[in-house]
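> Here is my input, please return the structure:
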Amino acid sequence: MKYLTGFDRRQATLFPTCIDDLIPEDAEVRVIDLFVDALPLKDLGFLEKAPVEEGRPMYHPADLFKLYVYGYLNRIRTSRLLARECQRNIELLWLLKGLQPCFRTIAGFRSENPQLFRNAFTHFVRQLNRKGLTGKTLVALDSSKFRAVNSKKNNFNQKKIDRQLEYIDTKIQSYIEELNAGDLDEAQQEAVGEKLKKQKAQRRKYKRIEKQLAATGQDQVSTTDPDARSMILHGSVIEVAYNVQTVADSANKLVLEYEVTNQNDRKALLPMAQKTKSICDTEAVAVLADKGYHNGEQLAACQREDIYTYVAYQEVPRSNPVPTPEFYGERFRYNPKKDQYVCPQGYILKTTGQWYNKKYEKSVTRVKHYKTTACNNCEVRHLCTRNPNGRVIERSVHAEAVERNNRRVRENSSVYTLRQQIIEHIFGTIKRQWGYDHILLKGLRKNEGEFGLIYLIYNFRRVINILGLPKLKKWLRKLLFSIFTDRALRNCWQQLNYPGCRFGPINAQVA
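Just a heads-up that it's a prediction; the model follows:
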């Protein structure tokens, strides 16, 4: 039986093979080439650094951007791996026309130009809006933690510092007692002296970190990446990470907006919803979010901005002294006209109208207290409260907005159940399937840029699946043609110096 055999590597060919013939017409790398060429690179800030006349020529930003788009799309993320692929990957040899930048050049482009990736993501989302691929009325908001370039050993809070200082002081005291005892020979004294010196150096180190922590005014400090924070990833697993807020649309599950933060979700609802309205160019939007975003202040602000929230409400905390479920707070009916509550027994709880400041962590909320003197003689008081002064109902200044949100969730449960379908699979794809569960750069600004690239690639992959390669290539050629047309018109108007030119400053003087 014969076997299939390849060609003779040493045999010369009369007509050399063109590298373009080795790349199929339906290859994704051709779409990447079209996609980057269709971007208005100058408007996005890619061409701000002009090439120098002397010395070694610089790489064109478009070529380095194509390299990153190809790499992230094919799960090749680090600069060293990308540099290696430039030497052996025939698709990259075609895409970059044989250019082989070193890993330092590749890494520097990503590290020094985070805003470029952010701009490219925003521009692509706007193009998807114009194409009609995004839903503008219903979106889902969620966040996910991504491990930072900072180990838990290099993250400190005051409790951890105190514990380490206590241990060091104990060791120092024991070494001093050993030296003072005089029972050691010269070699042993020298060994103990070295240990003592090492512990004193460690003590100075932790004292410096303590001063740094006090200077920042934060509850923790990270020494490798100062912007990273210790967070709960899931369950009891704690890592030093970043929290990435993400908004996706309900039509095709495309990422519309994102923000890299080192905070929890409590105050992220309003800013993310406002950014979504802006990028979608819409007057109103409905936002689905889980209970981590349930914040009265945020819900009230969203209501004023025509943002209709469907945020899962927190269960009423049962730590307060209410003995039986029949007298939980939701069983008390509120009368907005009279500004008073009616308890399950029919007694009326009134307020003096005075506002009190209630603190929750670093935020302060204004609340009113509602009471009744009927508690003194109530037969079921022991079932309602353990407070010796009687039952007190607390109502915040944002209660109306909270109640409207909760009512929307209860009455439209089928709408809220769409949240997981819209947003959860995005994190699953990025973290589980692609393996991007950690970040490579340090600092909020740089990571904002890298996630612009990650979400750009995610949307790009989704559009390939939605439109298919032929339709996507046709659309990109239209965008490329429009760029060239606008550029030609701009040059034409500027040459004619036409007063009505909309592309730039008017130089001509109109008589």
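
> where exactly do the strands run in the stretch 1-150 of the chain?
Here the stretch 1-150 of the chain has its strands, by DSSP state E, counting those that start in this stretch, at 138-147.

> ditto for the stretch 201-350 of the chain
Using DSSP E, counting those that start in this stretch, strands in the stretch 201-350 of the chain cover 221-222, 229-234, 237-249, 255-261, 285-289, 307-311, 333-335, 340-342, 348-349.

> Against which helices or strands is the helix ranked longest in the chain packed?
With secondary structure taken from DSSP state H, the chain has its longest helix at helix 186-216. Applying 3 or more CB pairs under 8 Å, 6 or more residues apart in numbering; DSSP states H and E, we find helix 186-216 packed against helix 158-181, strand 221-222. From N, CA and C alone the C-beta is placed, and that goes for glycine too.

> Excluding chain neighbours, what is closest to residue 355?
In this structure, residue 355 finds its nearest non-sequential neighbour in residue 366, 4.6 Å apart by CB to CB, 6 or more residues apart in numbering.

> Could you look up the SS state of the one you found?
In terms of secondary structure, residue 366 is strand; the call rests on DSSP: H, G, I helix; E, B strand; the rest coil.

> gap between it and residue 397?
Here residue 366 is placed at a distance of 4 Å from residue 397 (CB to CB, to the nearest Å).

> What of residue 100?
Separation of residue 100 from residue 397 (CB to CB) stands at 62 Å.

> and what of residue 449?
Per CB to CB, residue 449 is found 39 Å from residue 397.

> before we move on, what about residue 467?
48 Å.

> What of residue 324?
Distance from residue 324 to residue 397, by CB to CB: 29 Å.

> neighbour count winner among those two?
Neighbour count, other CB atoms under 10 Å: between residue 324 and residue 397, residue 397 has more, with 14 against 11.

> And that one, its phi and psi?
Here is the backbone geometry of residue 397 (degrees, to the nearest 10): phi -70, psi -20.

> I'd assumed residue 367 was in contact with it.
Yes - the criterion here is CB atoms under 8 Å, and residue 397 meets it with residue 367 at 7.2 Å.

> Find the residues that touch each one of these two.
residue 355 (CB atoms under 8 Å, 6 or more residues apart in numbering).

> So which of the helices and strands packed on helix 186-216 is nearest residue 137?
With CB to CB as the criterion, residue 137 lies closest to strand 221-222 of the helices and strands packed on helix 186-216, at 40.0 Å.

> I'd like to know which elements the closest one is packed against.
With contacts taken as 3+ CB pairs under 8 Å, 6+ apart, strand 221-222 sits against strand 155-156, helix 186-216.

> center of the protein, which residue is that?
The centroid of the chain falls nearest to residue 244 when counting by CA atoms, centre = their mean (1.9 Å).

> which residues does that residue contact?
143, 144, 145, 146, 258, 259, 260, 261, 451.

> which ones are touching the third one?
In other words, residue 145. Residue 145 neighbours (CB under 8 Å, 6+ apart): 231, 232, 233, 239, 241, 242, 243, 244.

> okay, now the closest residue to it other than its chain neighbours: neighbour count?
Leaving aside its chain neighbours, residue 145 sits nearest to residue 241 (4.3 Å; criterion: CB to CB, 6+ apart). Using other CB under 10 Å, residue 241 has 22 neighbouring residues.

> list the contacts for residue 241?
Residue 241 neighbours (CB under 8 Å, 6+ apart): 145, 146, 147, 148, 228, 229, 230, 231, 233.

> Which of these scores worst on pLDDT?
When the contacts of residue 241 are compared by pLDDT, residue 233 scores lowest at 83.

> if I look at it, how far off is residue 203?
Distance of residue 233 to residue 203, computed by CB to CB: 32 Å.

> Likewise for residue 11?
Distance from residue 11 to residue 203, by CB to CB: 72 Å.

> Looking at the two, which is more packed in?
For residue 11 versus residue 203, the count of surrounding residues by other CB under 10 Å is larger for residue 203: 16 against 6.

> Leaving out sequence neighbours, find the closest residue to the more buried one.
Among residues not flanking residue 203 along the chain, residue 168 sits closest, at 4.9 Å (CB to CB, 6+ apart).

> what sits against that neighbour?
Taking CB under 8 Å, 6+ apart, one finds 199, 202, 203, 206 in contact with residue 168.

> again, 7 Å this time
With contacts defined as CB atoms under 7 Å, 6 or more residues apart in numbering, the neighbours of residue 168 are 199, 202, 203.

> which parts of stretch 67-77 are buried?
Residues of stretch 67-77 classed as buried under the neighbour-count rule (16 or more other CB atoms under 10 Å) are 67, 68, 69, 70, 71, 72, 73, 74, 76, 77.

> Closest to residue 299 out of these?
Distances from residue 299 to the buried residues of stretch 67-77, taken by CB to CB, are shortest for residue 72, at 36.2 Å.

> In this structure the closest one contacts residue 457, no?
Yes - the pair residue 72 / residue 457 is scored as a contact, 4.5 Å apart, by CB atoms under 7 Å.

> so where's the stretch 401-511 of the chain uncertain?
In the predicted model of the stretch 401-511 of the chain, residues 481, 483-511 satisfy pLDDT under 70.

> can you pull out the helices in it?
Along the stretch 401-511 of the chain, counting by DSSP state H, counting those that start in this stretch, helices occupy 413-416, 418-419, 425-427, 444-467, 469-496.

> circling back: residue 115: which of the strands of the stretch 201-350 of the chain is closest?
strand 255-261 (13.0 Å).

> tell me the mean pLDDT for that closest one?
For strand 255-261, the per-residue pLDDT averages 96.

> chain center to the longest helix of the chain: distance?
Chain-centre distance of helix 186-216: 38 Å, with CA atoms, centre = their mean, to the nearest Å.

> got the angle for that helix vs helix 158-181?
Relative orientation of helix 186-216 versus helix 158-181 (axes from the mean of the first three to the mean of the last three CA atoms, to 10 degrees): 160 degrees.

> So for helix 186-216, what gets flagged as buried?
In helix 186-216, counting by 16+ other CB under 10 Å, buried: 192, 196, 199, 202, 203, 206, 209, 210, 213.

> Quick check: beta-bridge partners of the residue nearest to residue 364 when sequence neighbours are not counted?
Leaving aside its sequence neighbours, residue 364 sits nearest to residue 357 (CB to CB, 6+ apart; 5.1 Å). Legend: beta-bridge partners of residue 357 under DSSP bridges are residue 366.
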